[in-house]
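1. Using only what follows, build the 3D model:
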Amino acid sequence: MSKYNITLPVSPNLRKNEPDITKVIRFNFSRRGALIYIAHLDMLRLFERALIRSGLKFVSSQGFNPRPLMVFALPVGIGVEVDNDLVEITFYGGPDTEQAADKLNASMPPDIRITNAHYEDRASGSIMAMVNSAEYTFMHKDLSRSVRTAMSGEVLNVTKGSKGKGGKVKDVDIKPLIHKLDFPDDNTIKAVFSAGSKNNLRPDLFLKALTTDSGFSLKNALDTVIIRNRIFLEGDHQVAEK
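-> Purely as a prediction, here's the structure:
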C-alpha cells in the first residue's frame with residue numbers, strides 16, 4: 001500500500017445516510033458584552049463552529065468549500081448590542097427546536113444566547129428579503145435634545161461614499177428612512193429605521209448625521225450606546241408614524 005493512500009474526511013455535502021427531509025429553524029438570539037465588537041464575518045464563523053460542536057445535523061452548501069446553510073436576517077455592525085436578532089439554519093430531519101436551542105447555547109460563548117426557536121416554512125422565502133425595518137435604542141448624555149434639533153429641519157443629510165481615488169461622495173437625506181422616534185428621557189431615544197436590502201439606515205450613519213449641526217460631536221457619536229431591540233419582517237405589526 002502506498003504511503004499516500006490515506007482516508008480523507010468526507011465533505012458534508014457528500015455524506016451518506018442523511019435524512020432526505022430538511023427543515024429550517026428560525027432562532028432568536030441576543031449579543032452582549034465583549035462580543036458586540038466582532039464583525040459580521042466573525043459572527044458567521046462563531047455560529048458555524050458552534051453548530052459543529054453542537055453535534056446537530058445541519059445542511060451544508062454544495063461546492064468545493066461547503067458552509068452551513070445559515071442566513072442572518074440583517075448583519076449587525078461592530079459595537080452594536082442586540083436583544084432579539086434572527087438567524088435561520090437548515091437541518092436534516094426534524095430536530096426538536098428546544099433541544100436544538102439548548103445544544104447551540106451549550107456550544108456558544110456566554111455573551112451569545114439563543115432565546116427562542118421555531119420551525120419556518122421554506123416557502124416563505126429568504127429572511128433577508130423579508131426585513132423592512134429595525135428598532136434601536138440610543139443612549140448618551142443629552143442625546144434627546146440633539147436629535148430634536150436635527151429633526152427640526154426639512155432634511156437630515158449625511159455624507160456617504162469614499163473620498164479615496166475614484167470614490168464618489170454624496171449627501172443623502174436620511175429623514176424619510178426614520179419611521180418613528182420616542183424620547184423616554186433626556187439621554188435616551190428609541191427609533192425605528194428602514195432596514196433591509198432596498199432601504200437601510202445604519203445606526204452609525206444616523207449618529208453621523210447628528211454631528212452636522214445639532215451640537216453632537218463625533219466623539220459623542222462614538223461613545224453612544226447602541227442596542228438593536230428587534231427586526232421587523234414583512235407582515236409584522238409596527239407603528240410607522242414619526
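
2. Run a quick check on I178 versus L201, I expect a contact.
-> Yes. With contact defined as Cβ atoms under 8 Å, I178 and L201 form a contacting pair (7.0 Å). The way it works is simple: take the backbone N, C-alpha and C, and place the C-beta from them, glycine included.

3. Distance from the worst-scoring helix or strand of the chain on mean pLDDT to the middle of the chain?
-> Least confident helix or strand, the chain: strand 157-161 with a mean of 84, by mean pLDDT, DSSP states H and E. A distance of 22 Å separates the centroid of the chain from that of strand 157-161, by Cα atoms, centre = their mean, to the nearest Å.

4. After the single longest strand found in the chain, which helix or strand is next?
-> The residue-count maximum for a strand in the chain (DSSP state E) belongs to strand 80-92. On the C-terminal side of strand 80-92, the closest following helix or strand by DSSP states H and E is helix 97-107.

5. What mean pLDDT does the very next helix or strand once past that following helix get?
-> Using DSSP H and E, the helix or strand that follows helix 97-107 towards the C-terminus is strand 112-120. Throughout strand 112-120, pLDDT has a mean value of 95.

6. Off-centre distance for strand 112-120?
-> Centroid separation for strand 112-120 versus its chain: 14 Å, with Cα atoms, centre = their mean.

7. Buried residues, stretch 83-101. List them.
-> Buried residues in stretch 83-101, counted by 16 or more other Cβ atoms under 10 Å: 83, 85-92, 95, 97, 100-101.

8. Looking at I178 and L201, which has the bigger crowd around it?
-> Higher neighbour count among I178 and L201: L201, with 24 against 18, using other Cβ atoms under 10 Å.

9. ok so, going back, tell me the neighbouring strands of the least confident helix or strand of the chain, and mark each as parallel or antiparallel.
-> Looking at strand 157-161 with DSSP bridges, its partner strands are strand 169-173 (antiparallel).

10. which residues are contacting the least confident helix or strand of the chain?
-> Contact with strand 157-161 is made by 167-174, 205-206, 208-209, 212, as judged by Cβ atoms under 8 Å, 6 or more residues apart in numbering.

11. ditto for stretch 125-139
-> Contacts of stretch 125-139 with the rest of the structure, by Cβ under 8 Å, 6+ apart, involve 26, 71-74, 86, 88, 120, 124, 179, 187-197, 203, 206-207, 224-234, 236, 238, 240.

12. Quick one, which of the residues you listed are buried?
-> Among the contacts of stretch 125-139, those classed as buried by 16+ other Cβ under 10 Å are 26, 71-74, 86, 88, 120, 179, 189, 191-196, 203, 206-207, 224, 226-233.

13. So which of those belong to strands?
-> Using DSSP E, the members of the buried ones among the contacts of stretch 125-139 that fall in strands are 26, 71-72, 86, 88, 120, 179, 189, 191-194, 226-233.

14. Tell me where the model's unsure across this protein.
-> Counting by pLDDT under 70, the chain shows low-confidence ranges at 1-19, 122-124, 162-167, 237-242.

15. So if we follow the domain assignment, how does it break up?
-> Domain assignment for the chain, taken from automatic domain parsing, gives 16-125, 129-233.

16. How is K141 assigned, secondary-structure-wise?
-> Classification of K141 using DSSP: H, G, I helix; E, B strand; the rest coil returns coil.
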